[in-house]
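> What shape does this take:
(chains A and B)
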There are 2 protein chains.
Amino acid sequence: MLETMTKEEEAVLQANENFYRALQELSLEAMEAVWLPEDWVRCVHPGWEALEGWEAVRESFQHIFANTQFMRIVVGVQAMRIEQSVAWVSCSEKITSAADGRFDSAFVQATNIFHRRNGSWHLVLHHASHRPMPEQAPGEVVQ
Amino acid sequence: MLETMTKEEEAVLQANENFYRALQELSLEAMEAVWLPEDWVRCVHPGWEALEGWEAVRESFQHIFANTQFMRIVVGVQAMRIEQSVAWVSCSEKITSAADGRFDSAFVQATNIFHRRNGSWHLVLHHASHRPMPEQAPGEVVQ
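Numbering: from 1, shown residues only, chains lettered A, B, ... in the order given. Alright, predicted model coming up:
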């Protein structure tokens, strides 16, 4: 993917990377710089229903950051697609986190939608859900 | 939302409805008419990693349809956004299904991305994940 990347693709991947860096650094300020702060952006954390609007999304990250001492994320960008002013990136995430001195690991599948405004790409939707451990052989696909 | 809908919004919602109708009717033919049959489309069924490309997506639905006797879905369209040739719809799904004579219920949060090509909207990404039952009070938001 790297060899043939356009400037736009580089910019989308950078925005995607900035999101995970903000998450890993537990930085609300960095998170604010990543999202488009509008009332229609949406975020689905693993196992939860959608949060609507930047205020609700911001609060959820504030809550997560306040209750997490440590977070490391190994991100695998699986695919990216850009169509005019919209881009979406599919990622695998391996999250290792610590809260209350307890370590936890999670395997997550994520869809991140970005929107270009005034020449910059902003996150407008993050949908994350638990996926099987990579070692686990896929079995029945359940809708 | 209905009062101020544009033709494009109506077309996106129709495409979204066609997807759920195909799912409910367990119809691979109807499902084929909904998706853009290209190698970059993606589908995440609840709890699973992403399937890439129409062939893999098609196979997953073929498998689901072959192993399901009955499926009813109550769909709640929560939000829709159109930016040029891309649209995304957030939905809640309540799925009741029967397989091997056993009934099952699932509460799902879905993100559907559509792409307009030659005047028609096609599904290019479906990301579905389990969400809490609506009766359940939201507790800790876990990333």
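
> Where do the helices of chain A begin and end?
Secondary structure of chain A, counting by DSSP state H: helices at A:7-24, A:28-34, A:54-66.

> Looking at these, spot the one closest to A:His115.
helix A:7-24 (10.0 Å; CB to CB). In short, each C-beta sits where N, CA and C put it, glycine included.

> Just the closest residue of chain A to chain B, please.
In chain A, no residue comes nearer to chain B than A:Ser129, which is 3.1 Å away by CB to the nearest CB.

> Leaving out the residues flanking it, which one is nearest to that residue?
Excluding the flanking residues, the one nearest A:Ser129 by CB to CB, 6 or more residues apart in numbering or on different chains is B:Ser129, at 3.1 Å.

> Could you tell me which strand of chain A is the longest one?
When chain A is scanned for its longest strand (criterion: DSSP state E), the result is strand A:102-117.

> Report whether that one contacts chain B.
Yes: contact of strand A:102-117 with chain B is found when judged by CB under 8 Å from any CB of the partner chain, involving A:109, A:111, A:113, A:115.

> wait, A:Arg116 sits on A:Ala87?
Yes: with contact defined as CB atoms under 8 Å, A:Arg116 and A:Ala87 form a contacting pair (7.4 Å).

> Between those two, which contacts overlap?
A:Glu8 (CB atoms under 8 Å, 6 or more residues apart in numbering or on different chains).

> Counting neighbours, go ahead and name the busier of these two.
A:Ala87 (23 against 18; other CB atoms under 10 Å in any protein chain shown).

> bridging residues for the more buried one?
Beta-bridge partners for A:Ala87, by DSSP bridges, are A:Ile82, A:Phe114.

> Now the buried members of the residues of strand A:102-117 next to chain B.
When burial is judged by neighbour count using 16 or more other CB atoms under 10 Å in any protein chain shown, the buried members of those are A:109, A:111, A:113, A:115.

> Spatially nearest residue to A:Leu36, not counting backbone neighbours?
A:His122 (3.8 Å).

> low pLDDT regions in chain A?
A:1-3, A:135-143 (pLDDT under 70).

> of the helices of chain A, which approaches A:Ser105 most closely?
Of all the helices of chain A, the one in closest proximity to A:Ser105, counting by CB to CB, is helix A:7-24 (14.6 Å).

> Please tell me how far the longest strand of chain A is from the chain's geometric centre.
3 Å (CA atoms, centre = their mean, to the nearest Å).

> Would you mind writing the CA trace of that strand as PDB?
Below are the C-alpha coordinates for strand A:102-117, written out as PDB (Å, rounded to 0.1, in the frame of the first residue of the first chain):
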ATOM      1  CA  ARG A 102      -5.700  -5.200  36.400                       C
ATOM      2  CA  PHE A 103      -4.400  -5.900  32.900                       C
ATOM      3  CA  ASP A 104      -6.800  -6.800  30.100                       C
ATOM      4  CA  SER A 105      -6.400  -7.700  26.500                       C
ATOM      5  CA  ALA A 106      -9.000  -7.200  23.800                       C
ATOM      6  CA  PHE A 107      -9.100  -8.100  20.100                       C
ATOM      7  CA  VAL A 108     -11.200  -5.500  18.200                       C
ATOM      8  CA  GLN A 109     -12.400  -4.900  14.600                       C
ATOM      9  CA  ALA A 110     -12.900  -1.300  13.800                       C
ATOM     10  CA  THR A 111     -14.400   0.900  11.000                       C
ATOM     11  CA  ASN A 112     -13.300   4.500  11.000                       C
ATOM     12  CA  ILE A 113     -15.000   7.000   8.700                       C
ATOM     13  CA  PHE A 114     -13.200  10.300   8.000                       C
ATOM     14  CA  HIS A 115     -14.600  13.400   6.300                       C
ATOM     15  CA  ARG A 116     -12.400  16.000   4.600                       C
ATOM     16  CA  ARG A 117     -13.300  19.600   5.500                       C
END
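
> now that strand against helix A:7-24, angle please.
In terms of direction (axes from the mean of the first three to the mean of the last three CA atoms, to 10 degrees), strand A:102-117 departs from helix A:7-24 by 150 degrees.
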